[in-house]
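[1] Just the structure for this:
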Amino acid sequence: MTQLCEPEFERFSKLSDAAYRSWYFLKKLFTGRYVKDRYREVKWFIQRGRRGYSDQDVWGIDTYLANWLPMALRQLSKTKHGIPIFALPDTPGLTENERFEQGEKIFDAALLEIIDGFAAYNKMHDLFMYDDELGPFPITCKPGQTETSRKAAVHERIDMEKKLIERDMQIFNIGMAAFVKYFRGLND
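    Below is the predicted model of the structure:
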C-alpha cells in the first residue's frame, strides 16, 4: 500500500496573502523586530542619501547594482541625445547620417543586451526565480500524491531550473560583454 504524504504548511496555505502579512507584521511588532527593522531602514536611507550606498548595499553589491542599473539604462535609452563615437561603424561609402543611424541601432541593441543581462542576473538570484515559467515549486503534496512522486517532481523541477539558469547565464555573459565594451559610452 502506497503511503500518501501529509500536506505541509496546511494552515498557511489557507491564509490569504493579506492575512499572512498581518500575522507577520504583528509577530515582528510584538517581538521588537519591527522597531529594530524600521531603525535600520531609516539608517540605510540616510546613508544612501549621504554617500550613495548603505551598509546593507555593501553586503550584496552585485544584487544592489543589478537591481537599479537596468532602470537607469532604460532611462538613458529613452533620453539619450547621442551615441558614443566608438559605436559608429567604419563602413566605407556611408554618409554621416547613415553612419549615425547605424551606430544608433548598434548602441540601442547593446543597451538592450546589457539590460537583459542584468535582468537575467536578477532572475537567477530571486528566491522564486522560475515560478513564472515552471509554476510553483512542489514543496507540499497535492491531494492523492505520494511522497515518492513529490520527491521525483522536486528533482525534475531542479533539473529544469538548472537548464534555465544555464540559459540566463549565457544572457548575462552576453550582457556583461556589452557592458564592458560600451561602459565608457554610458553617458548622455
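[2] Not counting sequence-adjacent ones, nearest residue to the residue nearest the centre of the chain?
    Closest residue to the average C-alpha location of the chain: N122 at 2.1 Å, with Cα atoms, centre = their mean. Nearest non-adjacent residue to N122, counting by Cβ to Cβ, 6 or more residues apart in numbering: A66, 5.3 Å away. (C-beta placed from N, C-alpha, C; glycine too.)
[3] Check E113 too.
    E113's closest residue in space is A178 (Cβ to Cβ, 6+ apart), at 4.2 Å.
[4] where do the helices sit along this structure?
    Along the chain, counting by DSSP state H, helices occupy 10-13, 17-31, 33-51, 55-59, 61-79, 96-124, 131-134, 147-182.
[5] Which among the ones you listed is found nearest to D188?
    Closest to D188 of the helices of the chain, according to Cβ to Cβ: helix 61-79, at 6.3 Å.
[6] If we go by neighbour counts, what in that closest one is buried?
    Neighbour-count burial for helix 61-79 flags 66, 69-70, 73 (criterion: 16 or more other Cβ atoms under 10 Å).
[7] Pick the one among these closest to G52.
    L69 (13.6 Å).
[8] Would you check that the closest one makes contact with A119?
    No: L69 lies out of contact with A119 (Cβ atoms under 8 Å); the separation is 10.1 Å.
[9] For the closest residue to R150 other than its chain neighbours, give me the pLDDT.
    Among residues not flanking R150 along the chain, C141 sits closest, at 5.1 Å (Cβ to Cβ, 6+ apart). For C141, the model assigns a pLDDT of 70.
[10] Could you do the one 5 residues further on as well?
    With respect to pLDDT, T146 has a value of 82.
[11] From I106, how far out is the residue nearest to the centre of the chain?
    Per Cβ to Cβ, to the nearest Å, N122 is found 25 Å from I106.
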